[in-house]
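J.: Quick one: sequence and predicted model below, then my questions.
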Amino acid sequence: MRAYLANRVRFSINSDDPFYFGAYILANYCAVQEAFDLTVDEWMTILQASIEGCWCSEDRKIEIFGLYTNSRTDRSQSRLEC
């Protein structure tokens, strides 16, 4: 994952068929955080790639990203905890 981030490879973290695989999206995010101790800025990079790669219209993508960035204006916390 660090290599992807360092090389600006766009990717997203997902949950496929959580009922069958027993992993919901929050559990996947927490597992990634525990394994890689990502910074808030690294999560923002993943978030942006996730939004840009989704099937929404461009207007909806701008709206979704705006909702998140407006709620996370305080970046004093450099790491996230699950």
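T.: Now that the structure is in, tell me what you want to look at.

J.: and the closest residue to Ile64 other than its chain neighbours, how many neighbours does it have?
T.: Among residues not flanking Ile64 along the chain, Ile51 sits closest, at 5.4 Å (C-beta to C-beta, 6 or more residues apart in numbering). Quick note: C-beta positions are derived from backbone N, CA and C, even for glycine. Ile51: 17 surrounding residues under other C-beta atoms under 10 Å.

J.: OK, contacts around Ile51?
T.: 61, 64-65 (C-beta atoms under 8 Å, 6 or more residues apart in numbering).

J.: what's the answer for Lys61, then?
T.: By C-beta under 8 Å, 6+ apart, the neighbours of Lys61 are 51-52, 54.

J.: Report the buried residues of stretch 48-63.
T.: 48-51, 61 (16 or more other C-beta atoms under 10 Å).

J.: Would you tell me which one of the residues you listed comes nearest to Asn7?
T.: For those, the residue nearest Asn7 by C-beta to C-beta is Ala49; the value is 12.5 Å.

J.: Skipping adjacent residues, who's closest to the closest one in space?
T.: Nearest to Ala49 is Arg10, by C-beta to C-beta, 6+ apart, at 4.0 Å.

J.: How confident is the prediction for the most centrally placed residue in the chain, by pLDDT?
T.: Geometric centre of the chain, nearest residue: Leu47, 3.6 Å, by C-alpha atoms, centre = their mean. With respect to pLDDT, Leu47 scores 90.

J.: Equivalent analysis for Asp37, please.
T.: pLDDT, read off for Asp37, is 94.

J.: go on, the one 4 residues further on?
T.: On pLDDT, Asp41 comes in at 89.
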